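> Provided below for reference: sequence and predicted model.
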Amino acid sequence: MDSSQSLIPVEKIERAILLIRGQKVMLDADLAALYGVETKVLVQAVKRNLVRFPEDFMFQLSQEEFAILRSQIVTSSDWGGRRYPPYAFTEQGVAMLSSVLRSQRAIQVNIQIMRTFIRLRQMLATHANLARKLDALERKYDAQFKQVFDAIRQLMAPPEPKRRALGFRKGDT
């Protein structure tokens, strides 16, 4: 199966990648939906293989993180009835899931997810590189264009309103 015939749209995978504790992660319920299994099946498979999932591969959200996450998600019906906070899987944790979930779909979905993580990392690197180049250009040409920038700022500034002098003048009556 080539990348043009993916099981799941890349945008759907990208939307499922969240930033929690400074790491890009995917939640157990989102992964289960992508794999086509129930969340409890995915969690049970992980719990049977906990040695494969150290804290830098997977962690469970705190009650506070879970409450914040729930308040940010508009359609909380997907989360209804859940008694425990979800598990969050880092990129390495998602990769490890392929050794725990052995279906053909799980393998294909994992490949797509890994490609999405790689693509996001490349996009971030490109943006960081562009920002560095822009900063360098700005520093290089800042002195030359300072007059131009100052002139533009003056044109953009709203005109100061003309004030009338206080007091009475002849002819104001």
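Nice, thanks for sending it over.
> from here on, contacts and neighbour counts on C-alpha atoms
Will do.
> Which helix or strand lies directly C-terminal to the helix or strand harbouring residue 65?
Secondary structure from DSSP states H and E places residue 65 in helix 63-72. Per DSSP H and E, the first helix or strand lying C-terminal to helix 63-72 is strand 87-89.
> Provide the contact partners of that following strand at residue level.
Strand 87-89 is contacted from outside by 25-28, 57-61, using Cα atoms under 8 Å, 6 or more residues apart in numbering.
> Could you do stretch 123-135 as well?
By Cα under 8 Å, 6+ apart, stretch 123-135 touches no other residue.
> Alpha carbons only: can I get it in CSV?
Provided in CSV are the C-alpha atoms of stretch 123-135 (Å, rounded to 0.1, in the frame of the first residue of the first chain):
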residue,chain,number,x,y,z
MET,A,123,7.8,21.0,8.9
LEU,A,124,8.9,22.3,12.3
ALA,A,125,12.5,22.1,11.2
THR,A,126,11.7,24.0,8.0
HIS,A,127,9.9,26.7,10.0
ALA,A,128,12.7,27.1,12.4
ASN,A,129,15.2,27.3,9.6
LEU,A,130,13.1,30.0,7.8
ALA,A,131,12.8,32.0,11.1
ARG,A,132,16.6,31.9,11.5
LYS,A,133,17.1,33.1,7.9
LEU,A,134,14.6,35.9,8.4
ASP,A,135,16.3,37.0,11.6
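> That one: how far from the chain's middle?
Averaging C-alpha positions (Cα atoms, centre = their mean, to the nearest Å) puts stretch 123-135 17 Å from its chain's average.
> What residues sit buried inside the helix holding residue 65?
66, 69-70 (16 or more other Cα atoms under 10 Å).
> how about those in TSV, adding distance to residue 39 and pLDDT?
Converted to TSV, these look like this (distance: Cα to Cα, whole Å; pLDDT from 0 to 100):
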residue	distance to residue 39	pLDDT
66	16	88
69	17	82
70	17	80
